[in-house]
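Trainee: Return a 3D structure for these sequence lines:
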Amino acid sequence: MKTISSLLCGLVILLFSSYTSDKQCIYARSNIEHIQNQTEKAIAAEDLNMAKFYAYRALTALEKSKSNLKECGCNEAINFITEGTDHLKNATKTTTLDGATILLEKALTFIIEAADTIEQHDSHNSNFSNDVLALNTTESIENIKSLGKIDDKELKRKIDLSLVKFKESLDLVVKSVDCKVAHNYAMNVYNLCDKQLLKPNLSEGKKYYNLRTKEITSLALKEIGDCKD
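Mentor: Predicted structure coming up:
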């Protein structure tokens with residue numbers, strides 16, 4: 001039983017202590033979405049001046065996102081963003097719309113790669129998104145259960161205890177992160193739980209964990225609201 005308690009305590013401590021870097025990852029992902037949007041507008045522009053206008057807006061957002069990416073710790077995304085930045089800068093120096101469009105399309109490819117990398121970084125590293133559902137992966141609910149041979153009632157109690165810190169950390173996101181960014185993040189967690197619950201032959205422990213996580217996240221989404229104000 002001591003091993004189980006230590007394992008769960010380690011999970012919630014890791015979740016809470018990683019909040020700062022995870023917050024930066026949330027902002028980085030949101031910034032890259034904005035950069036991608038501005039780059040797409042530049043590509044769709046019908047004259048060179050408008051293409052350059054949106055390219056400059058993308059570059060400005062890129063500069064602001066660098067510190068977020070650095071604190072997030074996703075070096076691969078930083079490399080993609082660096083490549084994208086070079087192409088965007090070159091696009092602002094061209095004298096023809098066709099030339100600018102070619103460079104903008106190359107920039108967009110790297111920006112999309114950066115966005116995908118950030119998403120994978122959240123899913124596969126020990127950051128907030130991964131910690132939320134950590135019991136579904138390397139330290140599975142079945143393994144925790146077998147270590148101490150605990151029954152389903154005790155397992156659910158342990159899961160509820162582990163989710164107390166998750167709720168506290170999610171409350172921090174709701175209170176301290178920009179509304180739209182917090183909404184997108186909570187929605188990602190909610191959707192991830194949905195995907196887990198659709199898996200066939202899901203154990204009762206995993207089902208309970210995802211259902212409870214989904215319930216907590218649903219309440220957070222209601223608190224966040226529609227972000228219109």
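
Trainee: quick one: contacts for Leu197?
Mentor: If you count contacts by C-beta atoms under 8 Å, 6 or more residues apart in numbering, Leu197 has them with Lys207, Asn210, Leu211, Lys214. Backbone N, C-alpha and C define where each C-beta goes, glycine included.

Trainee: Give the buried subset of the residues you listed as a ChimeraX selection command.
Mentor: A single ChimeraX command is used to select the members of the contacts of Leu197 judged buried by 16 or more other C-beta atoms under 10 Å:
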select :210,214
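
Trainee: Which of the contacts of Leu197 fall in strands?
Mentor: Nothing among the contacts of Leu197 maps onto strands, per DSSP state E.

Trainee: Sort out for me which of the contacts of Leu197 are in helices.
Mentor: Among the contacts of Leu197, the members found in helices (DSSP state H) are Lys207, Asn210, Leu211, Lys214.

Trainee: Put together JSON lines for those residues, with pLDDT on each row.
Mentor: Output for the ones in helices among the contacts of Leu197, formatted as JSON lines (pLDDT from 0 to 100):
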{"residue": "Lys207", "pLDDT": "83"}
{"residue": "Asn210", "pLDDT": "84"}
{"residue": "Leu211", "pLDDT": "89"}
{"residue": "Lys214", "pLDDT": "88"}
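
Trainee: could you pull out the strands for this protein?
Mentor: Under the criterion DSSP E, the chain contains no strands.

Trainee: Skipping adjacent residues, who's closest to the residue of it positioned farthest from its centre in space?
Mentor: Of all residues in the chain, Thr95 has its C-alpha farthest from the mean position, at 37.9 Å, by C-alpha atoms, centre = their mean. Once flanking residues are discounted, Thr95 sits nearest to Leu48: 7.7 Å by C-beta to C-beta, 6 or more residues apart in numbering.

Trainee: how many other residues sit next to that neighbour?
Mentor: Number of residues near Leu48 (other C-beta atoms under 10 Å) recorded here: 18.

Trainee: before we move on, what about Glu33?
Mentor: 16.

Trainee: Report whether the expected contact of it with Ala114 is present.
Mentor: No - under the criterion of C-beta atoms under 8 Å, Glu33 makes no contact with Ala114, lying 10.5 Å away.

Trainee: Could you pull up the residues touching Lys66?
Mentor: By C-beta under 8 Å, 6+ apart, the neighbours of Lys66 are Ile78, Ile81.

Trainee: Equivalent analysis for the one 4 residues further on, please.
Mentor: When contacts are counted by C-beta under 8 Å, 6+ apart, Lys70 touches Ile78.

Trainee: Tell me how far it lies from Gln24.
Mentor: Separation of Lys70 from Gln24 (C-beta to C-beta, to the nearest Å): 8 Å.
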